[in-house]
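1. 3D model of this:
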Amino acid sequence: MRQSIFFSLLFVYVILSCSKSVEIEIESSEETKNSFVVGYLPTWRFDLNNQIDFCKLTHLNLAFANPDSSGKIIMPEIKSVVSNAKSQNPNIIISISLAGGVLSDEQAKNWSNLIDNPENVNSLVSNIVQYVIDNNIDGVDVDLEWQNVTSGYSNFVIRLNSELDKHSKIITAALPATTRFNNISDEAIATFDLIHIMAYDFTGPWNPNNAGQHSSYSHALQSIDFWTNSVGISPSKLTLGIPFYGYDFSNSNNVTAFTYSSLVGSNKNYADVDNVGLKFFNGRPTIKTKVKLASDRVGGVMIWELGQDNFGDLSLLKTIHEEFLILGIETTKLCK
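-> Residues are numbered from 1 along each chain as shown. You can find the predicted model right below:
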């Protein structure tokens, strides 16, 4: 009797378990997963903005804005780029990106003087927020890096976030693949709506004897693991950086960068490999695997930078967009 009761209960448990499993699968199949596609466009590529499919982007970061010694924001005119992007994609989220990875001595001095001195921070923050409002854009991306992440960094981004939030504007940051700067506090890092992982430049001209891939799939994995596991950032707040450029180690005395566009312009077959001799880059197959990785592990992808792309059938932005569609992941709902 006890045995028959046991098997009867087991049967009911199995039926209920199977029913729940099916129900969960149906619910998950009805849900549409979303991913971000963030593209940087530097000022020296603004003239290419008419060739970019902004409908394939969720976010556009215009790079770079820097303050003068008084805290006034210096940036070439952005209104025509903003207008073009919004005409293609009314929902695109546009930010100005501050600083950049390479600053002049004067720019670096200005940043340090402005953010490390409490009496200067409020004025700088006010100027940045007013610039965002005046240009009718959606937020600010902070790309201070390495020695330029000085003692005032955390206080600066906390104050900037507080003021941006009053106007429903976002704040994001670009940060290195596997380094968290000591001057970024937990409170500061928590202010960012998104963190863009710069999962590239693992080698380059600064390391001419280390010829090889500067942004491999394993580098992407390592970068995601660092920010999710070691730093503890929610995956939904992270984007995986993807390079549209490579490095040529053919001459160890003069390692140079090149764009994906220039490479495939010389031979379209190069679009589907990751190196040509000692020229290393990301071809379309690797881009697809990184999109899949990003869809599984983080909130989306980030591109440095849009102007380096091929604007025809070999486009890497096109590859990213189509791969997300294949995976059934929604980005912009445009450019189907």
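
2. what sits up against the longest strand along the chain?
-> If you go by DSSP state E, the chain has its longest strand at strand 59-67. The list of residues contacting strand 59-67 from outside it, by C-beta atoms under 8 Å, 6 or more residues apart in numbering, reads 36-43, 54, 73-75, 78, 81-82, 85, 92-100, 103, 107, 110-111, 114, 124, 127-128, 131, 137, 141, 143, 172, 194, 305. In this view, the C-beta of every residue, glycine as well, is placed from N, C-alpha and C.

3. so which of those sit within helices?
-> Using DSSP state H, 81, 82, 85, 107, 110, 111, 114, 124, 127, 128, 131 are the members of these that sit in helices.

4. picking that back up, what subset of the contacts of strand 59-67 is buried?
-> Listed as buried from those are 36-43, 54, 73, 75, 78, 81-82, 85, 92-100, 103, 107, 110-111, 114, 124, 127-128, 131, 137, 141, 143, 172, 194, 305; burial here means 16 or more other C-beta atoms under 10 Å.

5. residue closest to the middle of the chain?
-> Compute the mean C-alpha point of the chain, and by C-alpha atoms, centre = their mean the closest residue is residue 302, 2.8 Å away.

6. helix/strand/coil for it?
-> Local secondary structure at residue 302 is given as strand here, using DSSP: H, G, I helix; E, B strand; the rest coil.

7. next step: the buried ones among the contacts of strand 59-67 restricted to strands.
-> 36-42, 73, 93-99, 141, 143, 172, 194.

8. before we move on, back to that, could you dump the ones in helices among the contacts of strand 59-67 into TSV with pLDDT and distance to residue 203 added?
-> Below are the ones in helices among the contacts of strand 59-67 laid out as TSV (pLDDT from 0 to 100; distance: C-beta to C-beta, whole Å):
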residue	pLDDT	distance to residue 203
81	98	32
82	98	35
85	98	33
107	98	26
110	98	31
111	98	27
114	98	33
124	98	35
127	98	38
128	98	34
131	98	36
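
9. between those residues, which is nearest residue 181?
-> Nearest to residue 181 among the ones in helices among the contacts of strand 59-67, counting by C-beta to C-beta, is residue 111 at 13.8 Å.

10. excluding its backbone neighbours, what's nearest that closest one?
-> Spatial nearest neighbour of residue 111, chain neighbours left out: residue 148 (5.9 Å); criterion: C-beta to C-beta, 6 or more residues apart in numbering.

11. check the gap between that neighbour and residue 294 for me.
-> 27 Å (C-beta to C-beta, to the nearest Å).

12. what about these two, which has more around it?
-> residue 294 (31 against 20; other C-beta atoms under 10 Å).

13. hmm, that one is touching residue 33, no?
-> No: counting by C-beta atoms under 8 Å, residue 294 stays clear of residue 33, with 11.4 Å between them.

14. list the contacts for the residue nearest to residue 263 when sequence neighbours are not counted?
-> Excluding the flanking residues, the one nearest residue 263 by C-beta to C-beta, 6+ apart is residue 270, at 5.2 Å. The neighbourhood of residue 270, defined by C-beta under 8 Å, 6+ apart, consists of 263, 264, 276, 283.

15. tell me the one among those residues nearest to residue 309.
-> For the contacts of residue 270, the closest approach to residue 309 (C-beta to C-beta) belongs to residue 264, at 9.6 Å.

16. just say helix, strand or coil for the closest one.
-> Per three-state DSSP, residue 264 ends up helix.

17. in stretch 277-288, what's buried?
-> Applying 16+ other C-beta under 10 Å to stretch 277-288 flags 279, 280, 281, 282, 283, 284, 286, 287, 288 as buried.

18. residues making contact with that stretch?
-> Contacts of stretch 277-288 (C-beta under 8 Å, 6+ apart): 211-217, 242-250, 258, 260, 263, 270-275, 290, 314, 316, 319-320, 323.

19. repeat for stretch 41-48
-> Contacts with stretch 41-48, where a contact means C-beta under 8 Å, 6+ apart, come from 49, 52, 60-64, 75-76, 78, 80-81, 305-308, 311.

20. pull out the buried members of these.
-> Buried residues within these, counting neighbours by 16+ other C-beta under 10 Å: 49, 52, 60-64, 75, 78, 81, 305-308, 311.
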